[in-house]
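1. Sequence first, then the predicted structure:
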Amino acid sequence: MHERISCPLQQGLHRSGKAPKAGGGPQHQCNEWWPPPAASACTAFIVGVGDDWKMSRAAARRGCHVHAYDPTTRLRKRHAREVRQFWREAPPLNVSFHFSGLSGGERSGSLNSFGAVDGTVLASLSALADANPEGERAPSVMQIDCEGCEWAAMAQIGRDPRSLELLRGVRLLFFEAHLTPVRLPPT
């Protein structure tokens, strides 16, 4: 796996080499593009938590209301425990976990690298947003790392005017694209 980063107003892609080490990752890139810490309207959608809460923690520490999504059945209880821990920190971190994920329509898979996905809780970006409290429905920061669902999910976002409008409002997007022969191809 290789990581390539491109921040707004930078020329080209920066290749960081192998996958980032624990504690690193994209949340430390493009710092000038994060919403200011005092921006109470900062909402972050973290789609595909897997077993990695670094991005959720980083966004919450920057003052964002974080909505973390993951439909992996074997991780559900662990995710709920993790979020309870965030609220116990001083100061408490505003992180909500949703046992759901992005859908790409009929071509969405039922497995990811972390295990089985509950296909009954998959939804469009607009449906995920509409389920959040008012004022936390338009993400300004978004990470999509859903272990292969991203191709079908982005195609679905492109077909849904409301989802597309939500994506247009994102100030900072971290997108992990899985490029392997066993994943669904880009459309």
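-> Sure, I can see it.
2. residues contacting Ala68?
-> Each residue near Ala68 by C-beta atoms under 8 Å, 6 or more residues apart in numbering is listed here: 46, 49, 53, 56, 79, 83, 95-98. Using the backbone N, CA and C atoms, a C-beta is placed for each residue, glycine as well.
3. repeat that for 7 Å
-> The neighbours of Ala68, taking C-beta atoms under 7 Å, 6 or more residues apart in numbering as the test, are 46, 49, 56, 95-98.
4. any weak-confidence spans in the protein?
-> Scanning the chain with the threshold set as pLDDT under 70 gives 1-4, 8-29, 37-40, 105-113, 179-187.
5. Strands of that one, residue ranges please.
-> With strands called from DSSP state E, the chain shows them at 2-5, 14-18, 43-47, 65-69, 95-98, 101-102, 111-112, 115-116, 122-123, 141-144, 172-175.
6. mind listing what Trp34 touches?
-> 62, 141, 172.
7. roughly how far out does stretch 94-104 sit from the chain middle?
-> On the basis of C-alpha atoms, centre = their mean, to the nearest Å, stretch 94-104 sits 8 Å off its chain's mean C-alpha point.
8. contacting residues around that stretch?
-> Outside stretch 94-104, the residues that reach it (C-beta under 7 Å, 6+ apart) are 47-48, 56, 60, 65-71, 76, 79-80, 83, 86, 117, 121-125, 128, 146, 149, 152-153, 155-156.
9. Need the buried ones from those residues selected in PyMOL.
-> To isolate the buried members of those in PyMOL, using 16 or more other C-beta atoms under 10 Å:
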select buried, resi 47+48+56+60+65+66+67+68+69+70+71+79+83+86+117+121+122+123+124+125+128+146+149+152+153+155+156
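10. Return the subset of the contacts of stretch 94-104 lying in helices.
-> Using DSSP state H, the members of the contacts of stretch 94-104 that fall in helices are 56, 60, 76, 79-80, 83, 86, 125, 128, 152-153, 155-156.
11. one step back: please identify which of the strands of the chain is closest to Pro35.
-> The closest approach between Pro35 and any of those, judged by C-beta to C-beta, belongs to strand 141-144 at 6.9 Å.
12. Who does the closest one pair with, and is each partner parallel or antiparallel?
-> Partner strands for strand 141-144, per DSSP bridges, with pairing direction: strand 43-47 (parallel), strand 172-175 (parallel).
13. on that earlier part again, let me have the contacts of Trp34 in a markdown table, extended by distance to Asp160 and neighbour count.
-> Output for the contacts of Trp34, formatted as a markdown table (distance: C-beta to C-beta, whole Å; neighbours: other C-beta atoms under 10 Å):
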| residue | distance to Asp160 | neighbour count |
| --- | --- | --- |
| Arg62 | 28 | 18 |
| Val141 | 20 | 24 |
| Leu172 | 21 | 23 |
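14. Kindly reformat these as TSV containing distance to Pro91.
-> Shown next, in TSV, are the contacts of Trp34 (distance: C-beta to C-beta, whole Å):
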residue	distance to Pro91
Arg62	13
Val141	19
Leu172	23
